[in-house]
Structure formats: C-alpha cells, structure tokens
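**Q** For reference, the sequence and a predicted model appear below.
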Amino acid sequence: MKKVDVVLGLQWGDEGKGKVVDVLTPAYRVIARFQGGPNAGHSLHFEGKKYVLHTIPSGIFRDGSVNVIGNGVVIDPVILSEEIAGLEADGVDVQGKLLISKKAHLILPTHRAIDAASEAAKGKTKIGSTLKGIGPTYMDKTGRNGLRIGDIVSPEFGERYGRLKEKHLGLLRQYDYPVDLTDYEKKWFEGIENLKRFRLIDSEHAVNRLLDEDNTMLAEGAQGSMLDIDFGTYPFVTSSNTLCAGVCTGLGVAPSRIGNVYGIFKAYCTRVGSGPFPTELFDETGERLCDIGHEFGAVTGRRRRCGWLDMVALKYSIMVNGVTQLIMMKSDVMNDFDTIRVATAYEIGGRTTSEFPYEITGDLRPVYTEFEGWKCDLRRYGSYEEFPEAFKRYVEFIERQTGVPVKIISVGPDRGETIVR
Ligand code: GDP
Ligand code: IMO
Ligand code: MG
C-alpha cells in the first residue's frame with residue numbers, strides 16, 4: 001500500500017510548484033490537485049517551451065500519468081476548457097489522462113462577479129484577489145448552496161443553476177454592482193458541455209484504490225501556506241486549506257496515508273496582492289529581485305512584491321505542514337548579489353520573537369542575519385558538492401534553522417536546471 005507524497009508552497013504562492021511537480025513526475029504515476037482553482041498559475045519549462053497550468057495537475061505532460069482534479073478544487077468550466085484546448089492543440093492527450101472529481105465545486109459566472117463586487121466594495125482594504133470567483137465559490141460550498149461537477153448531468157441542472165444565479169443577482173444588487181454576464185454565461189455552458197466528455201468520477205474511491213494497488217501518487221498544492229484560510233495572514237488569504245491537511249479533505253485520503261511532505265520555498269520571498277509581508281523591500285534590491293526573477297503573476301500579470309527570505313514565516317509553515325524535505329527555488333536570481341539577508345526573528349514593540357504572531361502590525365521590524373553573496377552563475381554546477389562555499393553556507397544555515405534537509409535546489413526555470421542531493 002502506497003502513501004501520497006505532497007508538494008506544498010511554504011510562502012505566499014508562486015514558489016515554483018509547477019516546475020517541481022514536473023521534475024518529480026517521472027517517479028509518480030498519479031498527480032492530484034486537492035484545493036484551489038484557477039487562481040493558481042503553475043509554470044513549467046521544458047524543450048524550450050513554457051506552459052502555465054491553472055486547474056490541471058502538472059503531471060499532464062508525462063506519458064502514462066493519471067491526473068486527478070480532486071473534490072477540494074473549484075472549477076471554472078470556461079478556464080478549464082481553455083486550458084484543455086491549449087494542451088490538446090499541443091498534442092497532449094488530456095482526455096486519456098485526466099480524471100475529475102464529481103464532488104469538485106463549480107465556479108459560476110456570478111461567483112466571479114461577486115468576487116469583483118466584494119473587492120470593489122472593500123476599496124483600499126481589498127484582498128487583491130485574482131477575481132476568479134474563488135472566495136464566493138468556497139462560501140457557497142460551506143454555505144451548502146454550491147453546484148458540483150457531478151450535478152452537470154442531472155436533468156435539473158439548468159433549474160438549479162438558475163436558482164443559485166438569482167440568489168447571486170440579489171447579492172449583486174445589494175452591492176449595487178451591475179454586470180452583464182451574457183457572453184461569459186454562454187461560454188460557461190459550452191464549457192459544461194465540453195467537460196461531459198471527460199471521466200467525471202468518485203475520486204475518493206479512485207484515489208484510495210490506486211494507492212491500494214501500489215501506485216505512486218503526488219499531491220500538488222496550490223497557493224502557499226501563508227495564504228491558508230486558517231493559518232495564513234488572515235484576512236489576506238485565499239479561501240481554501242492550502243496546507244498538508246488539505247490533502248486529506250481535498251482528496252479523501254486518511255492522514256495515515258500521507259508520506260513525504262516536500263516544502264517548496266524561494267531563496268527570497270514574494271507576494272502578489274495585498275496583506276502583510278514583513279521582509280518586503282521597497283528599495284532597489286526589491287526591484288532587482290523582481291526584474292531578475294521575472295516576478296510577475298502567472299494569472300493576473302501583476303508585479304509581485306519582493307523581499308528577503310523570512311525564516312520566522314518559513315519555520316511556521318514547516319511546523320503546520322510537517323515538512324519532511326525542503327526544496328529551494330530561484331537561488332540563481334541572487335547570483336550577482338554582494339550580500340543577502342535572512343530574517344531570523346521579529347522585533348515587535350521592543351520584544352524579539354521567532355514565533356509567527358497572530359497579527360502583523362506596523363511596529364514589526366525583522367531582525368536580519370547577513371550572508372556574503374556567492375557571486376557566480378549557479379547553473380555552472382552539476383552537483384551540490386561543486387557549489388561555492390558561500391552558497392553552501394546559505395543552504396546549510398537554512399537547514400540548521402529549520403531542522404529539515406534541503407533535498408532539491410533549483411537554479412533556473414527549466415526542468416534540467418535542478419540539482420538533487
Ligand atoms: P507556482 O505557482 O508555484 O507553480 O510558481 P509560478 O509558476 O507562478 O512562478 C514561478 C516562476 O519562477 C515561474 O515563472 C517559473 O518558470 C520560474 N522558476 C521556477 N524555478 C526557478 C528557478 O529555480 N530559477 C528561476 N530563475 N526561475 C524559476
Ligand atoms: P499559485 O498556485 C500567488 C493570492 C491573491 C490574493 C489572495 C486571494 O500560482 O501559487 P483569491 O483569488 O484566492 O481570492 O486571492 O491570494 N493568490 C495567489 N498568490 N500564487 C497563487 O497561486 C495565488 N492564488 C491566490 O493574489 O492576494
Ligand atoms: Mg503561480
């Protein structure tokens with residue numbers, strides 16, 4: 001009986017989960033998404049091409065793989081259909097490799113409108129949502145109003161859609177947010193029809209059966225731990241459990257069936273959207289991280305905020321996820337830096353703490369440890385042993401601080417630019 005290994009982002013998303021899943025997939029038969037939806041943008045680079053996936057697991061390019069969209073995911077049929085069409089145009093056999101949970105919830109056109117209305121009403125205090133309708137869809141899920149993939153074949157689907165839409169329109173009137181959904185709604189129903197040609201399944205049974213039959217399985221997280229609905233920087237978070245625990249509820253696997261937990265982090269930090277970011281840089285160094293790292297959102301194109309690595313937040317994420325191995329991304333972005341800083345504690349109102357606090361307020365000041373830069377192109381090296389001492393000092397400091405080994409180091413966006421220790 002196999003266990004599910006898990007890949008999770010430990011920061012505020014965009015750590016490089018797509019690349020890592022793509023690198024790890026040769027060792028896995030099944031790749032499963034367990035939460036989030038089209039707010040995710042996972043980039044993969046190989047054979048000189050770049051792909052961005054939103055709802056489909058990053059194993060889809062590998063022959064013989066089984067890719068599951070789990071019950072914890074929320075699906076926009078328009079976005080998913082566009083994603084499928086793009087892959088099929090590139091010759092990927094999506095139909096043969098994709099399984100969709102009947103229990104995954106549907107993002108309605110009106111969910112997107114409510115997301116936009118809610119953000120507009122918040123004004124300066126907006127979350128900075130990707131406006132894909134994620135929050136309103138999970139609200140309807142927990143509010144027990146939602147529509148699920150399994151419902152699309154019901155003869156009452158149209159009627160149920162109409163009832164929920166009416167409810168939403170009432171809410172939009174309260175927001176005084178008029179919308180014309182005609183075009184999107186047409187594409188939405190076309191998307192629904194398109195999804196009927198896929199295998200819509202009871203994924204919890206399939207997932208457990210595949211494990212019982214000794215198939216290897218990797219769960220692919222979306223967003224990051226600091227965007228988790230419970231443990232992230234609330235309310236500036238997404239609406240799902242992005243943590244390891246989300247694998248159990250989002251796929252229907254028992255906690256005892258969780259295997260390795262791979263925690264991914266960038267060698268620095270980024271965040272897109274609003275909310276606290278203790279180590280954010282507003283200076284030229286922040287600009288350099290953004291420019292060299294091409295830090296622009298894969299979903300919205302927004303410029304990502306950049307800052308130094310935050311060990312307080314990282315250790316917190318490792319704790320709540322039970323991370324067993326670390327994977328460090330994008331070290332190459334700092335190849336030319338003279339000095340590199342890492343926050344090891346926060347000073348709050350004259351008190352120093354290394355515990356991530358309930359709330360992050362204006363009087364927080366990160367306490368930094370400084371490192372000498374490695375000043376060379378990390379892509380030159382074929383193994384960990386060959387890396388320059390200054391770089392190894394950085395990696396080994398992180399290992400000592402966290403107590404978790406750094407197993408993989410990524411030094412470029414391509415599949416091949418990866419060092420496994
Ligand atoms: P995800 O959402 O976690 O899958 O991450 P994104 O795809 O949104 O953002 C990560 C970005 O960094 C993508 O453009 C990747 O191609 C790129 N990337 C991943 N790993 C590396 C790396 O080691 N070095 C560099 N320079 N870029 C990387
Ligand atoms: P991947 O999987 C980075 C952020 C948004 C916003 C907040 C809430 O590519 O790492 P939502 O649309 O969920 O209501 O937005 O969460 N956010 C992400 N940031 N990467 C993501 O996904 C994100 N998904 C949501 O910017 O601040
Ligand atoms: Mg992303």
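**A** That came in fine, so what should we check first? Numbers count the residues shown, from 1 in each chain. Ligands and ions are numbered 1, 2, ... in the order given.

**Q** Quick one: classify Gly158 as helix, strand or coil.
**A** Here Gly158 is recorded as helix under DSSP: H, G, I helix; E, B strand; the rest coil.

**Q** count of residues packed around it?
**A** Residues lying near Gly158 (other C-beta atoms under 10 Å) number 11. Using the backbone N, CA and C atoms, a C-beta is placed for each residue, glycine as well.

**Q** and if you look at Lys49?
**A** 9.

**Q** swap in Arg163?
**A** The number of residues packed near Arg163 is 13, by other C-beta under 10 Å.

**Q** ok, for the one residue in the stretch 251-400 of the chain that gets nearest to ligand 3, nearest residue in space, not its chain neighbours?
**A** The stretch 251-400 of the chain approaches ligand 3 most closely through Ala298 (4.5 Å), counting by C-beta to the ion. Distances taken as C-beta to C-beta, 6 or more residues apart in numbering place Gly41 nearest to Ala298, at 2.8 Å, with adjacent residues excluded.

**Q** Contact partners for the one you found?
**A** 14, 52-54, 297-299 (C-beta atoms under 8 Å, 6 or more residues apart in numbering).

**Q** Give me the buried entries from the residues you listed.
**A** Buried residues within those, counting neighbours by 16 or more other C-beta atoms under 10 Å: 14, 53-54, 297-299.

**Q** In helices, which of those fall?
**A** Judged by DSSP state H, the subset of these located in helices is empty.

**Q** Show me where the stretch 201-350 of the chain has its strands.
**A** Remark: strands assigned in the stretch 201-350 of the chain by DSSP state E, counting those that start in this stretch are 217-220, 258-266, 269-271, 305-307, 309-310, 325-329, 339-348.

**Q** hmm, who's touching the second one?
**A** Strand 258-266 has contacts (C-beta under 8 Å, 6+ apart) with 2-11, 14-17, 20, 24, 244, 247-248, 293, 309, 314, 317-318, 321-330, 404, 407-408.

**Q** Report how many residues lie close to Gly259.
**A** Neighbours of Gly259 (other C-beta under 10 Å): 16.

**Q** Give me the pLDDT for Asp363.
**A** Note on Asp363: pLDDT of 91.

**Q** how close does the nearest residue to it once chain neighbours are set aside sit to Thr279?
**A** Of all residues not flanking Asp363 in the chain, Gly349 sits nearest, at 5.4 Å (C-beta to C-beta, 6+ apart). Plainly put, Gly349 is 18 Å away from Thr279 if you go by C-beta to C-beta, to the nearest Å.

**Q** Enumerate the residues of this protein near ligand 2.
**A** Counting by C-beta under 6 Å from any ligand atom, the chain comes close to ligand 2 at 9, 12-14, 39-42, 127-130, 132, 134-135, 222-224, 227, 238, 272-273, 298.

**Q** Next one: Val94 from Phe61, what distance?
**A** In terms of C-beta to C-beta, Val94 sits 10 Å off from Phe61.

**Q** Gly96 now?
**A** Distance of Gly96 to Phe61, computed by C-beta to C-beta: 13 Å.

**Q** ditto for Ile75
**A** As defined by C-beta to C-beta, Ile75 lies at a distance of 20 Å from Phe61.

**Q** Mind checking which of these two has more residues around it?
**A** Ile75 (24 against 21).

**Q** Mind listing the residues bridging to the more buried one?
**A** Partner residues in beta bridges with Ile75, using DSSP bridges, are Leu106.

**Q** pretty sure it is in contact with His105, am I right?
**A** Yes - assessed by C-beta atoms under 8 Å, Ile75 is found in contact with His105 at 7.2 Å.

**Q** Which neighbours do these two have in common?
**A** In contact with both Ile75 and His105: Ile149, using C-beta under 8 Å, 6+ apart.

**Q** What about Asp76, how many residues nearby?
**A** Using other C-beta under 10 Å: Asp76 sits among 28 other residues.

**Q** For it, which non-adjacent residue is closest in space?
**A** Ile107 (4.1 Å).

**Q** Check what contacts stretch 120-131 and list those residues.
**A** Under the contact criterion C-beta under 8 Å, 6+ apart, stretch 120-131 has outside partners 38-39, 112, 115-116, 119, 135, 175, 177, 235-237, 272-275, 297, 299-300, 302.

**Q** can you rerun that using 10 Å?
**A** 37-41, 54, 112-113, 115-116, 118-119, 135-136, 174-177, 235-239, 271-275, 297, 299-300, 302, 305 (C-beta atoms under 10 Å, 6 or more residues apart in numbering).

**Q** Pull out the buried members of those residues.
**A** 37-41, 54, 112-113, 115-116, 118-119, 135-136, 236-239, 271-275, 297, 299-300, 305.

**Q** what about Tyr358, which SS state?
**A** The three-state assignment at Tyr358 reads coil, by three-state DSSP.

**Q** Can you report how many residues neighbour it?
**A** The number of residues packed near Tyr358 is 7, by other C-beta under 10 Å.

**Q** Quick check: it touching Tyr234?
**A** Yes - using C-beta atoms under 10 Å, Tyr358 is in contact with Tyr234, at 9.4 Å.

**Q** Might you specify the subset of the contacts of stretch 120-131 located within helices?
**A** In helices, judged by DSSP H, the following of those are found: 112-113, 115-116, 118-119, 135-136, 174.

**Q** pretty sure Gln95 contacts Ile84?
**A** Yes - between Gln95 and Ile84 there is a contact at 8.3 Å, judged by C-beta under 10 Å.

**Q** Need the overlap of contacts for those two.
**A** With C-beta under 10 Å, 6+ apart as the test, Gln95 and Ile84 both reach 197-198.

**Q** between the two, which one's more packed in?
**A** It is Ile84, of Gln95 and Ile84, that has more neighbours when counted by other C-beta under 10 Å, with 22 against 11.
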